[in-house]
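A.B. asks: Provided below are the primary sequence and the corresponding predicted coordinates.
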Amino acid sequence: MHGAMRAAAGRPDWEEHERRSRMTSWARAQRDPDVLMQRSWDPLVAEQALESQTATPVPLRAPCAHGTADFTFNMSDRNCSGELERYEFTNAVRLMLHAGGMSELDDQLDAFMLDREFAEADTSRSGTLTHEEFAIWYNRFHDWIEERKLLRDLEIDLSSTGISLFKTNDETILAVLRHCAHFTSLAISYSSVSNRLIALIASKVQGRLLKLSLNHSTGFDADGVRELLSHCPDLKLLDLSGCTQVSKADLRPFVPSKCDLVL
């Protein structure tokens with residue numbers, strides 16, 4: 001079903017959720033000075049990171065319109081053109097990784113990924129990034145780095161086929177959905193999980209999820225579980241032990257024949 005139709009029906013599509021999340025995050029960053037400050041890493045750390053990549057320090061030019069991206073944009077604009085070319089964009093990405101304490105991700109950002117990011121940021125299709133285009137992209141990539149840091153701190157292996165979360169929150173679950181592309185088993189225990197979040201899980205991992213455990217979690221009901229089951233026909237195990245808000249009678253008609261329901 002088309003994303004807009006799913007949203008109208010109250011069943012969020014993953015791509016639509018991501019689009020709305022980016023718009024909301026950018027709007028919040030624009031109107032809230034505190035958020036802008038949070039998204040601007042220490043300039044001294046950033047400057048040291050850039051100087052470690054080049055023997056020629058770059059002086060700051062006139063500031064651009066969005067304080068949150070000023071430093072990175074100006075330090076990366078090597079030819080002082082007021083726009084970022086593709087090679088300058090690569091410098092900006094590396095600067096952000098170093099300033100965000102995630103320099104180990106340098107090796108994971110191959111040329112294809114950078115080409116894709118540059119093309120997505122270049123909404124005008126001009127071949128360069130304006131201040132505005134870069135600021136919007138910066139906000140999104142900042143979130144991406146922070147999510148990677150969160151998963152690293154939680155010692156979650158991005159390549160794992162099984163992810164377990166205990167007393168977690170929406171932020172962590174969404175980070176797992178965005179960055180862990182190989183899991184077929186997901187366990188979320190003793191947490192609050194809304195119907196909307198379950199629908200997003202279903203939309204994102206449909207077709208590959210084999211085991212799901214929500215034991216002793218709250219916040220959802222039978223409608224949310226039925227939505228998930230409609231997207232995950234290959235599910236082998238659904239563990240809802242300790243979830244008193246749902247019953248076997250509510251779910252049994254919707255559980256795939258080869259799926260074990262624990263409740």
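C.D. replies: Good, I have the coordinates.
A.B. asks: Distance check, L95 against L109.
C.D. replies: 12 Å (C-beta to C-beta, to the nearest Å). In short, each C-beta sits where N, CA and C put it, glycine included.
A.B. asks: neighbour count winner among the two?
C.D. replies: Using other C-beta atoms under 10 Å as the criterion, L95 and L109 rank with L95 on top: 22 against 14.
A.B. asks: Need the phi and psi values for that one.
C.D. replies: Backbone torsions for L95, taken as degrees, to the nearest 10, come to phi -60, psi -40.
A.B. asks: Test my guess that it contacts S76.
C.D. replies: Yes: the pair L95 / S76 is scored as a contact, 6.3 Å apart, by C-beta atoms under 8 Å.
A.B. asks: now the end-to-end length of stretch 178-197.
C.D. replies: Stretch 178-197 has its terminal residues 13 Å apart, counting by C-alpha to C-alpha, to the nearest Å.
A.B. asks: list the buried ones in that stretch?
C.D. replies: Within stretch 178-197, the residues scored as buried using 16 or more other C-beta atoms under 10 Å are 178, 180, 183-189, 191, 193, 195-197.
A.B. asks: From those, which land in helices?
C.D. replies: Under the assignment DSSP state H, the buried residues of stretch 178-197 contribute 178, 195-197 to helices.
A.B. asks: Mind putting those residues into TSV with pLDDT and distance to D223?
C.D. replies: Output for these, formatted as TSV (pLDDT from 0 to 100; distance: C-beta to C-beta, whole Å):
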residue	pLDDT	distance to D223
R178	90	25
N195	93	6
R196	91	11
L197	92	13
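A.B. asks: and K211, bridged to which residues?
C.D. replies: Beta-bridge partners for K211, by DSSP bridges, are S185, L237.
A.B. asks: Surely it and T184 touch.
C.D. replies: Yes: using C-beta under 8 Å, K211 is in contact with T184, at 6.9 Å.
A.B. asks: Between those two, which contacts overlap?
C.D. replies: Shared contacts of K211 and T184, defined by C-beta atoms under 8 Å, 6 or more residues apart in numbering, comprise G162.
A.B. asks: Going along the chain, name the strands of the protein.
C.D. replies: The residue ranges that make up the strands of the chain, judged by DSSP state E, are 162-166, 185-189, 211-213, 237-239, 260-262.
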